[in-house]
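Engineer: any chance you could fold what I've pasted below:
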Amino acid sequence: MRAQTIAKLIGVAIIIFVVIIAASTSSYVVQPGDRGIEVTLGKVSPVFKPQGFGFKTPFVTTIVPVTIRQQTREVTADCYSSDLQQVKMELRVLYRIPEASVVQIYQGYAGDPFDSLIAPRVQEALKEVTALESAEQIVKNREVIKTKALAGAREKIGSMLFVEDVVIQNIDLSKELETAIEAKMVQEQEAAKAKFTQQKAQIEADTVVIKAKGDAESIRIRGEALKQTPAFIDLQIVEKWDGKAPMVVGGANGGGVNMLLPLADLQKQRAASTTPSHP
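Structural biologist: Model prediction:
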């Protein structure tokens, strides 16, 4: 009886263990940001499992998670410019797997889809773009190179994967080429500075000429006014009078004697000289 009891207990324990294992293998949980691929005895279901809890056939069905969140990977590319200079670039590629492609990618591509699908096409697109530009232009127009390479990679990959962006982190050139490019950039800056200085000097010279022409024209106009209107000089005297009555007439250079005349006397003399005398 004791042996039978022990056998029954062992049988019950085995049944409980099997039930627990079956219960644990008959359910699954797909984490947020993932989609589940249902594989039953080597056969892939054409419909993915959404995130959340679900049931599956125990022991024979497996749920393989595939993330659809954006991921970032680094990649390098050894390129050649149009002037046959070697250019090494370090990139960061931002990509994600659309949920409509998770089953197709799992069935058609082994391993990481980035290594098998994205990286080779990004490198190929980048090499095609750099082959059309000189090494100097590649360094100067980094954003243009990145934009063209991104467009080329998207065209090659298609809609199976989304390449969100390509970031060029570093561009390595040979030491000799870097020195030559730096020297050329310094020369261009010095030439631009010299051109600016020349333009500034030309503008200053033109300003002086314009001012001189204006002064000459002003003198000519004043001379014409004095010839046509002798009273114009009186107007000038009144405008510049500082309020002091005496004025100096004559001088040592003229050979005469300095005379101080009040302004009123000067005006009387001018009036007397212009008034006709009567017999």
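Engineer: so Asp78 sits against Gln86, correct?
Structural biologist: Yes. If you go by CB atoms under 8 Å, Asp78 and Gln86 touch, sitting 6.9 Å apart. To be clear about C-beta, it is placed using only N, CA and C from the backbone, and glycine gets the same treatment.
Engineer: okay, now the unreliable bits of this structure?
Structural biologist: Residues of the chain meeting the criterion pLDDT under 70: 1, 176-190, 225-279.
Engineer: okay, which residue is most central for it?
Structural biologist: Glu143 (7.6 Å; CA atoms, centre = their mean).
Engineer: what's Val30 in contact with, if anything?
Structural biologist: Neighbouring residues of Val30 by CB atoms under 8 Å, 6 or more residues apart in numbering: Gly36, Lys49, Pro50, Gln51, Gly52, Gly54, Ile63, Pro65.
Engineer: ok, 7 Å please
Structural biologist: By CB atoms under 7 Å, 6 or more residues apart in numbering, Val30 lies in contact with Gly36, Lys49, Pro50, Gln51, Gly52, Ile63, Pro65.
Engineer: try Glu38
Structural biologist: Residues counted as contacts of Glu38 (CB under 7 Å, 6+ apart) are Ser45, Lys49, Lys56, Thr61, Ile63.
Engineer: how far away is Val66 from Ile14?
Structural biologist: Counting by CB to CB, to the nearest Å, the separation of Val66 from Ile14 is 36 Å.
Engineer: if you could redo that for Ala77, that was the one I meant.
Structural biologist: Distance of Ala77 to Ile14, given as CB to CB: 59 Å.
Engineer: neighbour-wise, which of those two wins?
Structural biologist: Each of Ala77 and Ile14 has its neighbours counted (other CB atoms under 10 Å); Ala77 has more, 19 against 10.
Engineer: what's the helix or strand for that one?
Structural biologist: Assigned by DSSP states H and E, Ala77 belongs to strand 71-80.
Engineer: tell me which strands that strand pairs with, and in which orientation.
Structural biologist: When sheet partners are counted by DSSP bridges, strand 71-80 sits next to strand 86-96 (antiparallel).
Engineer: now what about the helix or strand following the partner strand, what contacts it?
Structural biologist: Using DSSP H and E, the helix or strand that follows strand 86-96 in sequence is helix 102-108. With contact meaning CB under 7 Å, 6+ apart, helix 102-108 is reached by Arg35, Ile37, Val44, Pro46, Phe48, Val64, Val66, Ile68, Ile97, Pro113, Met160.
Engineer: now the second one: closest residue in space that isn't a chain neighbour?
Structural biologist: Computed as CB to CB, 6 or more residues apart in numbering, the closest residue to Ile37 that is not its neighbour in sequence is Val64, at 4.3 Å.
Engineer: and what of the third one?
Structural biologist: Computed as CB to CB, 6+ apart, the closest residue to Val44 that is not its neighbour in sequence is Gln107, at 5.6 Å.
Engineer: from Ala191, how far off is that neighbour?
Structural biologist: 61 Å.
Engineer: please apply the same query to Gln31.
Structural biologist: 61 Å.
Engineer: re the thing from before, of the contacts of Val30, closest to Arg92?
Structural biologist: Distance to Arg92 across these (CB to CB) is lowest for Pro65, with 24.4 Å.
Engineer: what's the burial count for Phe114?
Structural biologist: With other CB under 10 Å as criterion, Phe114 counts 19.
Engineer: residues contacting it?
Structural biologist: Arg73, Tyr95.
Engineer: do the same with the one 10 residues further on
Structural biologist: Shown here is Glu124, whose contacts under the criterion CB under 7 Å, 6+ apart are Lys156.
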